[in-house]
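In: Structural data only, the sequence is not supplied:
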């Protein structure tokens, strides 16, 4: 549903849904986090480092989709140093580029 909000341009509704999910501890997992991150990324509305930090503060473990999107974001920002750092970190989680 969160992805649907993004697709019709209702970013605030998507963000409100994510916030409600985290407050109620109802299903806000890495998949939901990736949907939120992807929706905001496509609209250029988030800073890569803060989003990655926020994910870890929530106790979420990144998956291949998380790493791939973050690496892509760093590359688009011209931050190849962090992109390479994440590529190496990704391998320590048993994830590989897709």
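Out: Happy to help now that I have it. Worth saying up front: this structure is predicted, and the values here are computed from it rather than measured.

In: now this protein, which segments are flagged as low pLDDT?
Out: 45-46 (pLDDT under 70).

In: Any idea which residue is closest to the centre of this structure?
Out: With distances taken as C-alpha atoms, centre = their mean, residue 37 lies nearest the centre of the chain, 3.5 Å away.

In: Check whether residue 17 really touches residue 5, as I assumed.
Out: Yes. With contact defined as C-beta atoms under 8 Å, residue 17 reaches residue 5; the gap is 6.8 Å. Yep, even glycine has a C-beta here, placed from its N, CA and C like the rest.

In: Can you give me the neighbour number for residue 35?
Out: 20 (other C-beta atoms under 10 Å).

In: whoops, residue 15 was the one
Out: 17.

In: Could I get the phi/psi values of it?
Out: Backbone geometry at residue 15, expressed as degrees, to the nearest 10, gives phi -70, psi -40.

In: How about it, nearest residue that isn't a chain neighbour?
Out: Excluding the flanking residues, the one nearest residue 15 by C-beta to C-beta, 6 or more residues apart in numbering is residue 36, at 7.3 Å.

In: what helix or strand does that neighbour sit in?
Out: helix 30-42 (DSSP states H and E).

In: For the residue nearest to residue 15, give me its contacts.
Out: Counting by C-beta atoms under 8 Å, 6 or more residues apart in numbering, residue 36 touches 2, 14-15, 18.

In: Ok, residue 32 next?
Out: Shown in contact with residue 32 (C-beta under 8 Å, 6+ apart): 2, 18, 21.
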